[in-house]
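In: Sequence plus predicted model, see below.
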Amino acid sequence: MSVTFDLDGEHRTNAYQILSSLITPRPIAWVSTLNEDGSVNAAPFSFFNVFGSRPPMIVFAPGNKGPGELKDTARNIKRQKQFVVHMVDQPMLELMNHSAATLPYEIPELSAEHFTASDTIDVPRIAAAPVAMECSEHSCLEIGQNRLIIGLVHTVHVQDGIANPDDAKINQAQYAPIGRMASPNWYCETTSIFQLDRPD
C-alpha cells in the first residue's frame, strides 16, 4: 500500500513540499555574490549538487522571489557571472540560517568581517566556511519558474585538517557538512558515516 501524489494534477501546488521533503539529505550551497553597490550578498540554497568534474561543474537553483522577480543571488550572477559556493558545517549553521532571512536588496546578510578576498574572482568568500568554491557562471537554464545556474569551479579552499594537500584526499572524520532534510525547517548532521565497497 502506498500514497500517490499527482504532481501534474491535484498535488501540483504541493510539489515543492513533497519533493524537498523526500529527496534528502541535500547539500547546502551557501552562495556569496556581489551587489551592485559592492556589498556582499550571502544566501543558502538546497537545490544544489556537483554535476561533473571535466570541467568541474556545480548546479544550483535559486527560485524567484515572486513571478518574474529574481532572487538577489540570481540577479547578481546574471550581472557579474561570478559567485562563491560554500559548504556548511555545525559551527556555521546559525550564521547560514541567519543569512536565509528575506531582506531588501541593499541590506547585506553578513557583515564585512565574515569575508576574505577570493583568489580567482572578484566575489569575496566566507572566511570561516569549511569549503569555499570560487565559480563562474557557465550558463543558466530556465524551465517554468525554475532557474538552474550551472557554474564552473575554478578554485577550492578547504580548511586545515579536512584535506591532505599531498594527494587531495579528504579526511572524512574531520568533515561533517550539514544536510537539508524535510521542508521547511529540518536539517541533518553527517557525523555518522560508513564505508561500503563497490563490487568488482
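Out: It's in. Numbers count the residues shown, from 1 in each chain.

In: where along the protein do the helices fall?
Out: 15-22, 72-80, 93-98 (DSSP state H).

In: Which strands or helices does the second one pack on?
Out: For helix 72-80, the elements it packs on are strand 29-34, strand 40-45, strand 82-87, strand 131-143, strand 146-158, judged by 3 or more C-beta pairs under 8 Å, 6 or more residues apart in numbering; DSSP states H and E. C-beta coordinates here come from the backbone N, C-alpha and C atoms, glycine included.

In: Tell me which of those strands sits nearest to Leu19.
Out: Nearest to Leu19, of all the helices and strands packed on helix 72-80, is strand 146-158, at 11.5 Å by C-beta to C-beta.

In: elements contacting that closest one?
Out: Counting by 3+ C-beta pairs under 8 Å, 6+ apart, strand 146-158 packs on strand 56-60, helix 72-80, strand 82-87, strand 131-143.

In: Need the winner for burial among the ones you listed.
Out: Highest mean neighbour count of the helices and strands packed on strand 146-158: strand 82-87, a mean of 24 (counted as mean count of other C-beta atoms under 10 Å).

In: Of the helices and strands packed on helix 72-80, which is nearest Glu106?
Out: Smallest distance to Glu106 across the helices and strands packed on helix 72-80 (C-beta to C-beta): 9.8 Å, for strand 40-45.

In: circling back: format the helices of the chain as TSV; extra columns: distance to Pro108.
Out: Listed next are these as TSV, based on distance: least, C-beta to C-beta, whole Å:
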stretch	distance to Pro108
helix 15-22	27
helix 72-80	10
helix 93-98	12
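
In: ok, back up a step: relative to Arg198, which of the helices and strands packed on strand 146-158 is closest?
Out: Arg198 sits nearest to strand 56-60 of all these, at 22.8 Å, using C-beta to C-beta.

In: Run the chain-centre distance for that closest one.
Out: Chain-centre distance of strand 56-60: 10 Å, with C-alpha atoms, centre = their mean, to the nearest Å.

In: Looking at the helices and strands packed on helix 72-80, which is nearest to Phe194?
Out: Ranking these by distance to Phe194, with C-beta to C-beta as the measure, places strand 82-87 first at 20.3 Å.

In: possible to save the helices of the chain as JSON lines with mean pLDDT?
Out: Below are the helices of the chain laid out as JSON lines (pLDDT from 0 to 100):
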{"stretch": "helix 15-22", "mean pLDDT": "96"}
{"stretch": "helix 72-80", "mean pLDDT": "97"}
{"stretch": "helix 93-98", "mean pLDDT": "97"}
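
In: which residues are in contact with stretch 94-111?
Out: Around stretch 94-111, the neighbours that count as contacts under C-beta atoms under 8 Å, 6 or more residues apart in numbering are 28, 30, 35, 37, 39-44, 65, 72, 75, 88, 114, 126, 178.
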